[in-house]
Structures are given as C-alpha cells and as structure tokens.
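Asks: Next input, structure requested:
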Amino acid sequence: MSILNDLQELEKAGVISKDTATRIESYYKGRNDTSTNKLFLVFGVLGAILVGLGIILIIAHNWDELPRGLKTGAAFLPLLVGQALCSFTLLKKHQNVVWKESSAVFLFFAVGASIALISQIYNIPGDLSSYLLTWMILTLPLVYVMRSSMVSLLYIIGITYFASETGYWDYPTDSPYVFWLMLAAIVPHYYLLLKKSPHSNFVRFHNWFVALSLTVVLGTFSKQMDELMFLAYTSLFGLFYLFGTSKFLPDRTTKNAYTLLGSLGTVIILLILSFNEFWEHLIKKDMFLSEISVAPEFIITIILTVLAMVFVYERFKSSSNKSISPFSAAFLLFIPVFFIGTFSPIAVFLINFLVFAIGILTIRDGSNRNHLGILNYGLLIIAALIVCRFFDTDLSFVIRGLLFISVGVGFFFANYRMIQKRQGND
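Replies: Model (predicted):
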C-alpha cells in the first residue's frame, strides 16, 4: 500500500513521530488481515460445497454397481468426514472462522446427502417436505455448536423451502405451522450476531434472508379467506419498516433489508389494490363475522397488526420527534379502508389517495433531508400510480400524455432544485 511506503519518508521529514508511524502501519496491516480473512472465508465455504458435491457425484457415477453394504458405507462416508472435520476444528481451530464455517457447511450438506442415500438404499417412504424437515432439524445444532452463520443462512433457506413445499405446492393439504418454531430456533443466533457484529456482512444477509423468508411463507397460510391476506401483508410490511428504523436494529438506515422491503412491499400492495376489480369482488363476497373470527388469515393479521402497533407506540414513547413515516402508518390507515371496501366502492378512491399522499410525503421527506434517493423514490411512487391509472381509466390520450409530461417535468424540476440547494450550501 502506498501510504505504508511513505511512512519512513514522513517520519524522517518530521511530519509524524515514530510512534504515530508504528500505529498507522499496525492499523493498515490489521485492515489487510481482515480483508484476507473474508476472502479465505468465502473460498473456504465454496471449497467445502464443491468437495461435498464432488464426493456425491463420484459415488453416484458407480452407484448401481455397488452392493448394498458398500452403498450404506458410502452413504455415511461424507457424514463421518464432516464430523471429523468439525471435531478437529473445535479442538484445534476453534478461533479460526474459515475452518468453522467451511467444516460446518460441509457437514450440513453431508447430512442431507446421507439422509437421501439411506432412504434410497432401503426404500424408506417419504416426501420432499418430510425430507427437508428432517434435514433442517438434524443440522440446527450445527449453528450453535460450530457458531456457524453460513449454516444459519442455509437453514433459513431450508425451512423456507419446506414451508413453501408444504403450503404452496402440496396445497391444500396442510399449513406449515412448524415453520414458526423452526424460525424461532434460529433467533438466538441472529440476536447474538446483532449484538456482537452489528455491521458485519452476515448480519446484512440474515436481515434479507429473514425478511424474505417471512414474506414468502406468510402466503402459505391463506386457506379460507384470501382477501384478508392483503391486511396481513400490509401489517407485515409496516412491521418490517418499523423494525428496520427501531433501536433494536443497529443499522437504522433507509437502505437496510427491513426498511427497503417494508416500503416497497407497502407500495406494491397498495398499487395492486388501486384497481377496481378487487373491490368489486370484495363487495359481492359474503363475509360473516363468525367465519372471519376463526379464519387463520384473520388471526395472523391480528398478531402482525398488534406487533406493528407496539413498535408505533414505542416510537412515540421513546422519541422526542413525534413525526412518523407514511410507510410506518400505512397499515393503520389501510385497515379502515379495507372494511369500508366491503360495502362501498369509495375504497378505490381512498386507496389511490393514500398512495398519492405517501408519494407526496416521501418527496417532502427527501427534500427536508436533502436526499436525492428518497426524493426520487417519492416521484417514482406517483409515476407508478399514474401508470396504473393509464390502463384503468377512460381518459383521453391527450390528458394521459399531459400527465406523463407533468411527472417528467416534476422529476427534472425537483432534482434540479435539490442540486441547486446542495451547491448553495457548499
């Protein structure tokens, strides 16, 4: 690094002292070691995956020619190798992150391969859902024994796939309620990561994986009243946004997984509901209170809404600034609009007004914070609303064209004013 090469010259010229030069050198060498460790970690995990897959392919190539006893031994071989590597790591390399992650990932896939091979050798009946469930339960201890964040991420993928297989592709057989217990089992590891390494890449990946997993799996509980899932999803996205900007998450920026997914999800849901078709269907549908109160969609909606309202209360209680983002309050405003829509077509107008208000307030927030990204996000929301109405109304092409021109001029003018304001401050 060039700065390290100049240290001796700066020291001789009297610009810095010898002690300062030593500390600068130690700092940059420490930074290089960290980068090297991250690189080793990535390649170590990839190497473990490739070695595991290679062993499986070699065995699979000669599988039909092997006797049952040898097949059984071959099925347990990756498992034994993985356990040996993990044991060696715990005894000799317990401080080495690369060894811990690599050996844990290898054993994770070895467990899955062994289960599949033994089932095939002895013709053990079962489906993909039960296979994934067994695999994830058996590998969960690896997360805590090896303290492996990579296995934790793979585990989240596995339980999401299990829930999707059970709730979507095996529909309408069952709802994957065990998913919540399995997700709760990983929460202690996630919490420790947030406390010990709040700005690490593993935390960022966990944020995305958990948020996406919940978004995907929530739809598997739609069984009786699909319409109520819109309430559930708006509450979930509101909860995401509130959690992403709360004191519980160290990275409280507009760029973390929860705030991004919460705001985007809210806007997408509201834009979908800004069309007439859904509300026309809702008015015609007979919805009785006795049926709604016992529907799983309603119960999940209540739970998510209460959790989100707890975060709203905490925000008002702990913050001196009582203002709240439109993405945090959208789920509260949507609830009465939804129930109005069960008997009145005015809900369509209210939804469109809500989306427009969110766009305007976002533009205002971006302007106040001198943030071009937030400003343009608000403009994009309004542009998306106009595009939706382009296909949904009987307005003439002249008026539609004027609307698009207005949005384009708005984009240019707002960005120009923001840039001028920044230059004026400089």
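
Asks: hey, let's count contacts and neighbours off CA atoms from now on
Replies: Fine.

Asks: Can you name the residues in contact with stretch 130-147?
Replies: 86, 90, 100-101, 104, 108, 111-112, 115-116, 148-149, 151-152, 155, 158-159, 161-162, 186, 189 (C-alpha atoms under 8 Å, 6 or more residues apart in numbering).

Asks: ok, now stretch 278-287?
Replies: Stretch 278-287 is contacted by residues 227, 273, 341-345, 347-348 when judged by C-alpha under 8 Å, 6+ apart.

Asks: These, buried ones only, as a ChimeraX selection?
Replies: ChimeraX command restricting these to the buried ones, with burial defined by 16 or more other C-alpha atoms under 10 Å:
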select :227,273,341,342,347,348
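
Asks: Out of the contacts of stretch 278-287, list just those in strands.
Replies: Among the contacts of stretch 278-287, no member falls in strands (criterion: DSSP state E).

Asks: wait, which of the contacts of stretch 278-287 is closest to Leu242?
Replies: Using C-alpha to C-alpha, Leu273 is the member of the contacts of stretch 278-287 that sits closest to Leu242, with 22.3 Å.

Asks: Tell me, what's the model's pLDDT at the closest one?
Replies: Leu273 carries a pLDDT value of 92.

Asks: Just confirm it contacts Val348, I think it does.
Replies: Yes: Leu273 is in contact with Val348 according to C-alpha atoms under 8 Å; the separation is 7.5 Å.

Asks: Name the helix or strand for Ser235, please.
Replies: Secondary structure assigned from DSSP states H and E places Ser235 in helix 229-244.

Asks: pLDDT at Ile302, what is it?
Replies: On the pLDDT scale, Ile302 gets 92.

Asks: any weak-confidence spans in the stretch 251-400 of the chain?
Replies: 251-254, 287-291, 318-323, 392-400 (pLDDT under 70).

Asks: just the helices in it please.
Replies: Per DSSP state H, counting those that start in this stretch, the stretch 251-400 of the chain carries helices over the ranges 257-272, 276-284, 289-292, 296-318, 326-340, 346-368, 372-390, 397-425.

Asks: mind checking which of the ones you listed is nearest Gln95?
Replies: Taking C-alpha to C-alpha, helix 257-272 is the member of these nearest to Gln95, at 29.7 Å.

Asks: what helices or strands is the closest one leaning on?
Replies: Counting contacts by 3 or more C-alpha pairs under 8 Å, 6 or more residues apart in numbering; DSSP states H and E, helix 257-272 packs against helix 201-218, helix 229-244, helix 326-340, helix 346-368, helix 372-390.

Asks: That helix relative to helix 201-218, how many degrees between them?
Replies: For helix 257-272 against helix 201-218, the angle by axes from the mean of the first three to the mean of the last three C-alpha atoms, to 10 degrees is 30 degrees.

Asks: Residues touching helix 257-272, excluding its own?
Replies: For helix 257-272, the external contacting residues (C-alpha under 8 Å, 6+ apart) are 204, 207-208, 211, 230, 233-234, 236-245, 253-254, 327, 330, 351-352, 355, 381, 384-385, 388.

Asks: next one: stretch 336-347
Replies: Stretch 336-347 is contacted by residues 231, 279-280, 282-283, 348, 350-351 when judged by C-alpha under 8 Å, 6+ apart.
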